[in-house]
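Engineer: Sharing a model prediction with you, sequence too.
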Amino acid sequence: MKGSYLLATLIVFLAVEAEAKAIILPPGNLEARDHPWDHGEKIDLTWRLSPGDETTVQNYRIFFSLYPEGPFELAGEVAAGERAFTAEKLDRQESYFFQVVAVGRERAQSDPAYTVDAVSPARQWLDGNRFPFSIITLVFCGSVIFWIDRARRGKPINIRKIAGLEAVDEAVGRATEMGRSCLFIVGIQDMNDIQTIAGITVLSRVAKIAAELEATVEVPTTRSLVMTAAREAVEAAYLSAGRPDAYNPDLIYYVTDEQFGFVAYAQGLMVREKPAACFYMGAFFAESLILAEMGNTIGAIQVAGTAMPAQLPFFVAACDYTLIGEEFFAASAYLSGEPSQLGSLKGQDVGKTIVAIGIVAGVIMHTVGTMAGVESPLGSALISAVRFLKEVILT
Amino acid sequence: MKRAVPLTITALGGFVLIVAYFIPAAQGWGEIAAIWFDILAAVAFVLGGGNLLKIHLKKVSDRKGGWGYSGITLAAFLITLVVGLAKVGVNPNPHFPEVALSGGYREIGSPFWWLYEYAFKPLTATMFAMLAFYIASAAFRAFRAKNVEAILLLGTAFIILLGRTFAGVYLTAWLPDSLSGLKIENLTIHIMSVLNTAGNRAIMIGIALGIASTSLRVLLGIDRSYLGTGKQ
């Protein structure tokens, strides 16, 4: 009895040791190819699974080097059963050698499978991942251009009234009646921000009304380039209003690039000058509420417009009128009243239609896919389609 | 000519950046355009500094209302400029001990660092701290239940604020698991992740389309109001 017990223990011990020392066979047929439709920084690798992959292999480790003899650096790992990997962040000026090693339990490794020839990532003419988005962009831009052209040919265009923009005239008029100035802040970003450009287009309209009504517009800025652009716009507005003599460039000036330094100045200005109307049009951050609350405290009529979603609630709470998101961008077209500009607003509707179709299709596919179950072929296909819609088409 | 050149530069720069997004081979062009903007912005610092001096010197000289503040602004500007540019009090770089002014102007203990740490940063922090009081006053006005929409807003805000506190969690802790969705902390999560996200996305989509449309107007030269004269 004792002998048979010893024999069994010995057999178990030998079996465990044999498994621990199991020879892990290398994967085979390693092939490296340039990743298609990319910027030239990826290479796709494929290989045949190591014999005994299911039982002995835990993962595959992929290495790369500039020289066939190494040294090799780790590019990544994939789990057992996987037979492909994409090496990323490579330099297209270089050529690379690759190795794939199967790794088993207790860190036992196979001999490497390796590439004989060096492979270089190549840059393609078009980013394949962005191809669907490029089609959407073309359709959207095409529709905007189509509607602009249509409007130029005299087709009537109806645009809904935007209360915030209607209030611009009222605010400047009120400032004139009260004999006080208007304060216009074009956000705190530079001219490379589209919101600043949109803000300056509204400024030109405000300046024109101010010139006609003989009101004063003061424009402190946080960037000197914005100051220059604002001066040009206001001067042009005074010119077109027939009052070039009333234009005073000293009312459009640079304060500081510093966010809170600028706010401190603007607050002081509001308290001292008590402007009757305050306009905040552009990109704002934490300073939005400080400015708007101060304007509210001094009893100014306030109109704000921004595309910063986090600041919109503050402006809504503290200002009389707020241009929300697209209304702000529609402002210049709306205020100018030019058919060609108004046409671009109609073109936007095509973009909205595309988005709406995408949302409805995505919601239906995701709902049906979830109801069918992710494991079922239909459910899996629909969920994959939704992922494609989100991660490829909309990204 | 005065407008044709800026329009051409704008259109070129803008379309290059768009093309660079889709065509990998053109990505370098986009980087060049961005570098050019940085160069322009750097030159503009001189323009800004000059304008600051001019405006505030004029205010001081005319004894306009609040001219004392202008005096302080000028003093602060000039002191910071001189201390930074002249590297006042900066130790030599340890690698080049024989070269005067070779150390970093922002090294710890230098006068410029001192100005930044003990003058600029506290002032900035003070301004930021004031935001808390402004939020309270804005919230007080916004949450007055004057109509149905305001009541809805007030109710939603009340749930969210309460759901973020220990008291809120404690208040509905007694609810059974079958009604866990009604616990205030879960209601808060639901409002933020479903209702708020949906509203936010609608705004974001509008903004994205508005940006694209405005950019196109600017690039095509249809909207020129930012350039000056409306008609030529």
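Structural biologist: Ah, there it is. Residues are numbered from 1 along each chain as shown, chains lettered A, B, ... in the order given.

Engineer: So the closest residue to residue A:370 other than its chain neighbours versus residue A:359, what's the distance?
Structural biologist: Spatial nearest neighbour of residue A:370, chain neighbours left out: residue A:379 (7.0 Å); criterion: C-beta to C-beta, 6 or more residues apart in numbering or on different chains. For the C-beta atoms, the positions are set from N, CA and C on the backbone; glycine is no exception. Distance of residue A:379 to residue A:359, computed by C-beta to C-beta, to the nearest Å: 20 Å.

Engineer: Contact partners for residue A:74?
Structural biologist: Shown in contact with residue A:74 (C-beta atoms under 8 Å, 6 or more residues apart in numbering or on different chains): A:61, A:62, A:63.

Engineer: The second one belongs to a helix, doesn't it?
Structural biologist: No: Residue A:62 sits outside any helix when classified using DSSP: H, G, I helix; E, B strand; the rest coil, being strand.

Engineer: what's across from it in the sheet?
Structural biologist: Assessed by DSSP bridges, residue A:62 has beta-bridge partners residue A:76, residue A:100.

Engineer: Now for it: which residues touch it?
Structural biologist: Residue A:62 touches A:45, A:74, A:75, A:76, A:77, A:78, A:85, A:87, A:98, A:99, A:100, counting by C-beta under 8 Å, 6+ apart.

Engineer: what about the last one, neighbour count?
Structural biologist: Burial measure for residue A:100: 26 neighbouring residues, criterion other C-beta atoms under 10 Å in any protein chain shown.

Engineer: isn't it right next to residue A:112, touching?
Structural biologist: Yes: counting by C-beta atoms under 8 Å, residue A:100 touches residue A:112, with 6.5 Å between them.

Engineer: shared neighbours, those two?
Structural biologist: Jointly contacting residue A:100 and residue A:112 under the rule C-beta under 8 Å, 6+ apart are A:26, A:63.

Engineer: related to what we said a few turns ago, now a ChimeraX select for only the buried ones of the contacts of residue A:62.
Structural biologist: Buried subset of the contacts of residue A:62, written as a ChimeraX selection, criterion 16 or more other C-beta atoms under 10 Å in any protein chain shown:
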select /A:45,75,85,87,98,99,100
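
Engineer: tell me which of the contacts of residue A:62 is nearest to chain B?
Structural biologist: Proximity of those to chain B (C-beta to the nearest C-beta) peaks at residue A:87, which lies at 17.2 Å.

Engineer: My guess is that closest one contacts residue A:76. True?
Structural biologist: Yes: look at residue A:87 against residue A:76 with C-beta under 8 Å: they come within range, at 7.1 Å.

Engineer: quick one, phi psi at residue 188?
Structural biologist: Since no chain was named, I'll use chain A. Main-chain dihedrals, residue A:188, degrees, to the nearest 10: phi -120, psi 20.

Engineer: actually it's chain B I care about, not the one you picked
Structural biologist: Torsion angles, degrees, to the nearest 10, at residue B:188: phi -60, psi -50.

Engineer: Now do residue A:13, the pLDDT please.
Structural biologist: Listed pLDDT for residue A:13 reads 48.

Engineer: ugh, wrong one, I meant residue A:20
Structural biologist: Note on residue A:20: pLDDT of 48.

Engineer: and if you look at residue A:73?
Structural biologist: Residue-level pLDDT assigned to residue A:73 equals 88.

Engineer: Let me see the contact set for it.
Structural biologist: Contact partners of residue A:73, counting by C-beta under 8 Å, 6+ apart, are A:63, A:64, A:65.

Engineer: if we go to 10 Å?
Structural biologist: Taking C-beta atoms under 10 Å, 6 or more residues apart in numbering or on different chains, we find residue A:73 in contact with A:63, A:64, A:65, A:66.

Engineer: TSV please, covering those residues and showing neighbour count and distance to residue A:257.
Structural biologist: Supplementary listing: the contacts of residue A:73 in TSV, determined by neighbours: other C-beta atoms under 10 Å in any protein chain shown; distance: C-beta to C-beta, whole Å:
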residue	neighbour count	distance to residue A:257
A:63	19	48
A:64	22	44
A:65	17	47
A:66	14	44
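
Engineer: Save these as a markdown table, and put in pLDDT too.
Structural biologist: Shown next, in a markdown table, are these (pLDDT from 0 to 100):
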| residue | pLDDT |
| --- | --- |
| A:63 | 91 |
| A:64 | 90 |
| A:65 | 88 |
| A:66 | 89 |
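
Engineer: Could you dump those residues into JSON lines with distance to chain B added?
Structural biologist: Formatted as JSON lines, these follow (distance: C-beta to the nearest C-beta, whole Å):
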{"residue": "A:63", "distance to chain B": "26"}
{"residue": "A:64", "distance to chain B": "21"}
{"residue": "A:65", "distance to chain B": "25"}
{"residue": "A:66", "distance to chain B": "22"}
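
Engineer: which pair in the residues you listed spans the largest distance?
Structural biologist: A:63 and A:66 (11.9 Å; C-beta to C-beta).

Engineer: Quick check: neighbours shared by those two?
Structural biologist: Listed contacts common to residue A:63 and residue A:66 are A:72, A:73, A:97; contacts here mean C-beta under 10 Å, 6+ apart.

Engineer: after the one helix or strand residue A:362 maps to comes which helix or strand?
Structural biologist: Assigned by DSSP states H and E, residue A:362 belongs to helix A:339-372. Note on helix A:339-372: by DSSP H and E, the next helix or strand toward the C-terminus is helix A:377-388.

Engineer: and that next one with helix A:339-372, angle?
Structural biologist: 150 degrees (axes from the mean of the first three to the mean of the last three C-alpha atoms, to 10 degrees).

Engineer: In chain B, where is pLDDT below threshold?
Structural biologist: Low-confidence segments of chain B, defined by pLDDT under 70: B:1-2, B:228-232.

Engineer: Tell me which stretches of the chain form helices.
Structural biologist: With no chain named, the answer covers chain A. Taking DSSP state H, the helices of chain A run over residues A:2-20, A:53-56, A:131-152, A:163-178, A:194-213, A:224-240, A:259-273, A:287-297, A:312-318, A:326-336, A:339-372, A:377-388.

Engineer: should've been chain B
Structural biologist: Along chain B, the segments classed as helices by DSSP H run B:4-22, B:27-62, B:67-85, B:111-115, B:121-142, B:148-163, B:166-171, B:184-190, B:197-219.

Engineer: who touches the shortest one?
Structural biologist: Outside of helix B:111-115, the residues that reach it under the criterion C-beta under 10 Å, 6+ apart are B:76, B:79-80, B:82-90, B:104-108, B:121.

Engineer: Tell me the buried residues in that helix?
Structural biologist: So helix B:111-115, judged by 16+ other C-beta under 10 Å, has buried residues B:111, B:112, B:113, B:115.

Engineer: in chain A, what spans have low per-residue confidence?
Structural biologist: Counting by pLDDT under 70, chain A contains low-confidence residues at A:1-22, A:394-395.

Engineer: hang on, the earlier thing: are there residues contacting both of residue A:87 and residue A:76? Which ones?
Structural biologist: The contact sets of residue A:87 and residue A:76 overlap at A:45, A:62, A:63, A:64 (C-beta under 10 Å, 6+ apart).
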